[in-house]
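**Student:** Sequence and predicted model, in that order:
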Amino acid sequence: MARSNLSGAWAEAAFYLGLSFIIPISAVAGYFAGAYLDRHLHTGSVLGAAGAVVGAVAGITDVVYTVARKEKSAGNQ
């Protein structure tokens, strides 16, 4: 395998590995935002759970759009 192909493979692997962190980080960020609101609005843990769900959905949406954009740009080459 040529050196440029090997570095391209590592770049692809790094890209997709980075995508795997988006969903859990989004869910955790949503949870902390909801937990912050729970403390200040005295709503129990309702907003923390809702924030985690909204964060996970936002992360999934971001991953889908990112992969679609990458596939579209790969098709144009």
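**Tutor:** Great, that's in hand. Numbers count the residues shown, from 1 in each chain.

**Student:** Listing request: residues of the protein with sub-threshold pLDDT.
**Tutor:** For the chain, the stretches with pLDDT under 70 are 1-4, 77.

**Student:** Tell me which residue is most central in this protein.
**Tutor:** Ile22 (2.1 Å; C-alpha atoms, centre = their mean).

**Student:** Hmm, it is touching Thr61, no?
**Tutor:** No. Here Ile22 lies out of contact with Thr61, judged by C-beta atoms under 8 Å, at a distance of 9.9 Å. Heads up, the C-betas are built off the backbone N, CA and C, glycines and all.

**Student:** can you give me the helices for the chain?
**Tutor:** Under the criterion DSSP state H, the chain carries helices at the ranges 3-41, 46-75.

**Student:** Contacts only, for the residue nearest to the centre of the chain.
**Tutor:** With contacts defined as C-beta atoms under 8 Å, 6 or more residues apart in numbering, the neighbours of Ile22 are Gly59, Asp62, Val63, Thr66.

**Student:** residues touching the second one, list them.
**Tutor:** For Asp62, the set of contacting residues under the criterion of C-beta under 8 Å, 6+ apart consists of Ile22, Ser26.
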